[in-house]
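Asker: Just a sequence and a predicted model for now, questions to come.
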Amino acid sequence: MLRIRRKEYEAVRQHGEETYPHECCGVLLGRVDDDVRIVTSIARAGNTRTDSAHNRYNIDPRDLIRIQREGRERGEDIVGFYHSHPDHPARWSPTDFAEAHWFGCSYVITSVEKGKAALTNSFALKGMDEADKKFSDEPIDVE
């Protein structure tokens, strides 16, 4: 399960609206308590994809390292990632799956339809390595 405060949940959705018709992306920071990933902050990241930013995203590794370092200074870990799907469903794509490598993390996708955030879903990346990884639907508890 993913637990997130209303403020951060709405910020993720707003980010998708602001970058429409391109995909937004960012990092979910917080802690893990049993099987619950608890989001205490989010960090926006720039989408570095220049070839197809309308249906792909990439977080610059330098940004990711900076976000992780700043989070650790506050006592937070990376618990997931988010991105938007402009005019597409809030479901993971084959590309999303192929590029997901942070096991035990949540992958949140917001569908942005004609510039307005619609459905937001979360998927937990499970497995031990690339050979047995899978996405599982994950409930979102918005507080």
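Answerer: It's in. Predicted, not measured: the structure shown is a model, and the values here were computed from it. Numbers count the residues shown, from 1 in each chain.

Asker: Let's check: the centremost residue of the chain is which one?
Answerer: Residue closest to the mean C-alpha point of the chain, counted by C-alpha atoms, centre = their mean, is Tyr82 at 1.5 Å.

Asker: Tell me the spacing between that residue and Arg5.
Answerer: Distance, Tyr82 to Arg5, by C-beta to C-beta, to the nearest Å: 14 Å. Every residue, glycine included, has its C-beta placed from N, CA and C.

Asker: what's the answer for Asp141, then?
Answerer: Using C-beta to C-beta, we find Asp141 at a distance of 10 Å from Arg5.

Asker: quick one: which of those two has more around it?
Answerer: Taking Asp141 and Arg5 together and counting by other C-beta atoms under 10 Å, Arg5 has the greater number of neighbours (17 against 13).

Asker: Leaving out sequence neighbours, find the closest residue to that one.
Answerer: In space, Arg5 comes closest to Glu143 once its chain neighbours are excluded; the distance is 5.1 Å by C-beta to C-beta, 6 or more residues apart in numbering.

Asker: Which pLDDT does the model give that neighbour?
Answerer: We have a pLDDT of 95 for Glu143.

Asker: Next: Phe103.
Answerer: The predicted local confidence for Phe103 comes out at a pLDDT of 97.

Asker: ranges for the helices of this structure?
Answerer: Secondary structure of the chain (DSSP state H): helices located at 6-19, 61-73, 94-98.

Asker: re earlier: is the residue nearest to the centre of the chain bridged to anything, and to what?
Answerer: When bridges are called by DSSP bridges, Tyr82 pairs up with Gly26, Val108.

Asker: quick one: contacts for it?
Answerer: Val12, His15, Cys24, Cys25, Gly26, Val27, Leu28, Ile42, Tyr107, Val108, Ile109, Thr110 (C-beta atoms under 8 Å, 6 or more residues apart in numbering).

Asker: From these, pick the one nearest Leu119.
Answerer: Within those, distances to Leu119 taken as C-beta to C-beta reach their minimum at Thr110, with 7.3 Å.

Asker: ok, how many other residues are close to the closest one?
Answerer: Neighbours of Thr110 using other C-beta under 10 Å come to 24.

Asker: What are the neighbouring residues in contact with it?
Answerer: Thr110 sits next to Val12, Arg13, Gly16, Tyr82, His83, Ser84, His85, Ala90, Ala117, Ala118, Leu119, Thr120 when contact means C-beta under 8 Å, 6+ apart.
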